[in-house]
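Undergrad: A predicted structure for the sequence below; I have some questions about it.
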Amino acid sequence: MSNNSKFFITLDQISKSYSPRIVLNNINLEFKSSCIYGLIGANGSGKTTLLEILVGLKSFDKGSILFHIDQNHIAIPKNQIGFAGQVPVLWTQLTCKEHAQLLGRFYNLSKEKSMSEMEILFAKFHLTAYQNERIENLSGGLKQRLNLALSLLHTPRILIWDEPTTGLDIDSKLLLRDLLVEYSQESLGIIILSSHDLFELENLCNHLIFLNQGKILAQGSFVELQKKMKDQSNLNKQNIHLEDIYKSLITTTV
């Protein structure tokens with residue numbers, strides 16, 4: 001797939017349940033390239049399940065997910081997905097460098113390509129000084145930065161991160177924001193994030209999706225959601241933030 005190719009993903013009537021609880025209920029979404037998406041919702045709203053279904057870690061009960069490119073409609077190519085979950089899954093007995101080499105072999109990258117990408121990513125994530133350190137000796141924040149960096153090793157066009165700022169300090173969060181914007185512009189890919197940090201999502205995402213009890217409450221750009229809230233509530237408040245929109249949506253559905 002060329003890096004210049006425009007593509008999109010559609011979810012049609014996706015449902016998932018763990019009987020008797022319905023986790024996702026007829027989810028319809030479209031994810032377009034060159035866009036950063038933010039999933040917002042309380043614990044148990046279905047965010048993580050939705051992301052894991054997109055990655056292929058979980059099945060769904062009904063519906064369809066299609067990847068559209070050059071007039072073709074296919075299943076999402078797994079080698080085009082970069083995923084980082086809430087909890088870093090790392091081989092802690094390895095050094096950071098060894099882990100990158102092992103992952104490179106998994107993605108069928110040459111040794112030279114793995115090392116080249118590793119050097120670039122470790123520099124961007126400020127991990128170069130730790131490349132020969134065993135992962136078990138790293139702090140939680142460093143493990144999370146390594147987890148995120150490794151998800152980019154094979155230069156995926158679809159990046160899916162679940163709570164990426166967990167365990168990160170303010171400097172690392174600012175670094176991450178800049179890296180995501182840069183990656184979105186350079187790769188022309190799709191970036192999908194879930195987070196409880198509404199301020200970060202407000203300042204980073206082009207499109208926001210609110211989930212509650214497995215259903216989509218609202219979606220759109222921050223400006224669109226802001227305008228809709230003002231129109232519906234006749235608010236004169238000048239500075240409506242994502243937190244205000246979230247509280248209004250949840251209150252309305254209770």
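TA: Happy to help now that I have it.
Undergrad: helices or strands next to the lowest-mean-pLDDT helix or strand in the chain in the packing?
TA: Lowest on mean pLDDT, DSSP states H and E among the helices and strands of the chain sits strand 72-74, with a mean of 78. Counting contacts by 3 or more C-beta pairs under 8 Å, 6 or more residues apart in numbering; DSSP states H and E, strand 72-74 packs against strand 62-69. For glycine as for every other residue, the C-beta is placed from the backbone atoms N, C-alpha and C.
Undergrad: Can you tell me how far residue 49 is from residue 231?
TA: Per C-beta to C-beta, to the nearest Å, residue 49 is found 32 Å from residue 231.
Undergrad: Then residue 248?
TA: Going from residue 248 to residue 231 by C-beta to C-beta gives 12 Å.
Undergrad: which one of these two has more residues nearby?
TA: Using other C-beta atoms under 10 Å as the criterion, residue 248 and residue 231 rank with residue 248 on top: 19 against 9.
Undergrad: All the helices of the stretch 151-254 of the chain, residue numbers only.
TA: Taking DSSP state H, counting those that start in this stretch to define them, one finds helices in the stretch 151-254 of the chain at 170-187, 198-204, 222-233, 242-253.
Undergrad: Just say which of these is most tucked in.
TA: Mean neighbour count (mean count of other C-beta atoms under 10 Å) peaks for helix 198-204 among the helices of the stretch 151-254 of the chain, with a mean of 17.
Undergrad: list the helices and strands it packs on?
TA: Packed against helix 198-204 by the contact rule (3+ C-beta pairs under 8 Å, 6+ apart) you find strand 35-40, helix 170-187, helix 242-253.
Undergrad: Name the residues that touch it?
TA: The contact list for helix 198-204 (C-beta atoms under 8 Å, 6 or more residues apart in numbering) reads 36, 38, 40, 165, 173, 177, 180-181, 193, 195, 208, 222, 241-243, 246.
Undergrad: Could you point out the member of the residues you listed that lies closest to residue 85?
TA: Using C-beta to C-beta, the shortest approach to residue 85 within those belongs to residue 193, at 12.3 Å.
Undergrad: Touching, the closest one and residue 40? I think so.
TA: No. In this structure, residue 193 is not within contact of residue 40 by C-beta atoms under 8 Å, at 9.7 Å.
Undergrad: where are the low-confidence patches of this structure?
TA: Applying pLDDT under 70 to the chain picks out residues 1-5, 233-238, 253-254.
Undergrad: hey, where'd the strands end up in it?
TA: Remark: strands assigned in the chain by DSSP state E are 7-18, 21-32, 35-40, 62-69, 72-74, 81-84, 158-162, 190-194, 207-212, 215-220.
Undergrad: Output the ones you listed in a markdown table, with mean neighbour count and distance to residue 96 appended to each entry.
TA: Compiled in a markdown table, the strands of the chain are given as follows (neighbours: other C-beta atoms under 10 Å; distance: least, C-beta to C-beta, whole Å):
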| stretch | mean neighbour count | distance to residue 96 |
| --- | --- | --- |
| strand 7-18 | 17 | 31 |
| strand 21-32 | 17 | 31 |
| strand 35-40 | 22 | 27 |
| strand 62-69 | 16 | 32 |
| strand 72-74 | 9 | 34 |
| strand 81-84 | 21 | 15 |
| strand 158-162 | 23 | 19 |
| strand 190-194 | 25 | 23 |
| strand 207-212 | 21 | 33 |
| strand 215-220 | 18 | 37 |
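Undergrad: Which of those sits closest to residue 147?
TA: Nearest to residue 147 among those is strand 81-84; the distance by C-beta to C-beta comes to 5.0 Å.
Undergrad: Output the closest one as CSV, restricted to C-alpha atoms.
TA: Taking C-alpha atoms only, strand 81-84 is exported to CSV below (Å, rounded to 0.1, in the frame of the first residue of the first chain):
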residue,chain,number,x,y,z
ILE,A,81,-1.9,-1.9,12.3
GLY,A,82,0.2,-0.5,15.1
PHE,A,83,-1.4,-1.2,18.5
ALA,A,84,-0.5,-0.2,22.0
